[in-house]
Every structure is written in structure tokens, then in C-alpha cells.
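1. Generate a structure from the sequence data that follows.
(one chain, ligands or ions: 1)
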Amino acid sequence: MPTDAVEDYLKAIYRIESRAGPPVSTSQIAEALEKTPATVTSMVETLSERGLLSREKYTGVELTPAGEVAALEVVRRHRLIEAFLADQLDYEPTEVHDEADALEHHVSEEFTRRVERVLDYPAADPHGDPIPPADLSTPEDAGTALVAALDPGERGTVVRVSDRDPDVLEFLVDAGITPGRTVEVVDVTSFGLVTVRTSDGSEHGLPEAVADRVSVRRAAESTAATDGQEAGDA
Ligand SMILES: [Zn+2]
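-> Numbers count the residues shown, from 1 in each chain. Predicted structure coming up:
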């Protein structure tokens, strides 16, 4: 059985790989887990000896197939617990992550299956992150970063907002930028300020670091054409 620390490392490496692709550097892991590089280096050695990571000289590490299975198990527990807290226990989206971080190490596979059944097999957690199914097949892609996906004047559907930083998440929730909502990019300045219009017509300026936390799926051409009834559309 992996320890809590092992699970936290595998989950962090999985998250970085799914956002930026492998290899993952020691400093990326250190930043994600708020550990010193020396601590990370020694854990990476342990995980490599156990066959969960493969090390590439100078560039970083990558999950092995066994490491990916172990990471997906904890990611699945984490995201199902988040969905359960929000859906059944009335937690706010900003509150579920820390609670799930604590609980994810202590629930059985049977508990996880029952949670999944009660929630009728949800595809995503409250932030829009895809929930790996019980067979641990890789969940479907979770959209593209807002600015990369949409040029000014284009619209998309928010598919996920990162839950890494509670302040950022709260800002996005207050602005109405949550999974399932439509956003239009109005303008991107040369210094990275992204102005978006939400479905109620209000506009919000997002600093680059905040916009980076939002992933969208571009609206199909047909949707944009039939959905242009809002006044003042450019
Ligand atoms: Zn979370």
C-alpha cells in the first residue's frame, strides 16, 4: 500500500504531466508540493526504485505505466470525494479540495465505488476535472487553456477551473466563470490582461496567471452563428 506521501507525489506528477506533458522537473514537483528540492530528489529516488517513475537524465521524471495506475487511483478518489462533498454535503466549490486532500488517502475502493454509484457516475468533479473511471482508463481531455483556445471575439464553454489556489477559484466563481458556462474573450492586452464576457453580459479582467487556470472547449461554428442574439456582440 502506498503511503500518503507517495500518493501525493504521484498525484502531483500526474497533474503536471496532464497539463504540461512529461518530463516533470524536480523544481516543478517542489513547487506543487511546497517541498524543498532536496526532499523531492530523495522521494523521486525512492519512487524510481519502486518502478513508479522513470528518470531521464537532466530533464526530469515521467510516470511509468505502474506509476500512472497508482496516480489515477488517487486522482479518482480525490475527484469523486470532491463531487460527493459538493453534491451530497452542500460544500462550496472552494471548500472541497482541502477536505478531499485529507480524505483521499483513507477511503477504500468499495467506498469509492459506492460514492460513484450514488452520484450516478459523474464525468467530472465540481471544478470540471475529469474523473477517471473504475477501469482507470485515461479520462478524456479537459479542454485547452483559455487564451490558447480563443481569439478575441470567440466563445467557448468552460470545462474546468483549476482548484490549486483557493483565492483564484473564489474570484472565478464570483465572476461566474465555472464549468458549463459560456465565456467570450473580448480582448487580450500585450501585458497579458485578458478581458472576458460571461453569459450574463458582464465583463471581467483576468490577469494572465488567473486566465491560465481556466480551460475551455471552443464553441462550434454553428453554435456561434445561432447564438449571436446578445446585444452589442462584436
Ligand atoms: Zn481537488
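
2. For the residue lying closest to residue 134 once chain neighbours are set aside, which three-state class applies?
-> Spatial nearest neighbour of residue 134, excluding adjacent residues (CB to CB, 6 or more residues apart in numbering): residue 113 at 6.7 Å. All C-beta spots, glycine's among them, are computed from the backbone N, C-alpha and C. When classified by DSSP: H, G, I helix; E, B strand; the rest coil, residue 113 comes out as helix.

3. From residue 216, how far off is the closest residue to the ion within the chain?
-> Taking CB to the ion, the ion has its nearest neighbour within the chain at residue 97, 3.7 Å off. Look at residue 97 and residue 216: by CB to CB, to the nearest Å, they are 21 Å apart.

4. So between these two, which is more surrounded?
-> Per other CB atoms under 10 Å, whichever of residue 97 and residue 216 has more neighbours is residue 216, with 29 against 22.

5. How about residue 52, nearest residue that isn't a chain neighbour?
-> residue 67 (3.6 Å).

6. wait, what's in contact with the one you found?
-> For residue 67, the contact set (CB atoms under 8 Å, 6 or more residues apart in numbering) comprises 10, 13, 47, 51, 52, 53.

7. in which helix or strand would I find the second one?
-> I take that to be residue 13. In the assignment (DSSP states H and E), residue 13 maps to helix 4-20.

8. Point out where this structure drops to low pLDDT.
-> Along the chain, segments meeting pLDDT under 70 span 1, 138-142, 220-234.

9. Close to the ion: what parts of it are there?
-> Residues of the chain lying near the ion by CB under 5 Å from the ion: 97, 163.

10. what's the longest helix in the chain?
-> The residue-count maximum for a helix in the chain (DSSP state H) belongs to helix 65-88.

11. Run the angle between that one and helix 4-20 for me.
-> Angle, helix 65-88 to helix 4-20, by axes from the mean of the first three to the mean of the last three CA atoms, to 10 degrees: 90 degrees.

12. Past helix 65-88, which element shows up next along the chain?
-> Later in the chain than helix 65-88, the nearest helix or strand by DSSP H and E is helix 96-103.

13. Which strands and helices lie in contact with that next one?
-> Here helix 96-103 touches helix 65-88, going by 3 or more CB pairs under 8 Å, 6 or more residues apart in numbering; DSSP states H and E.
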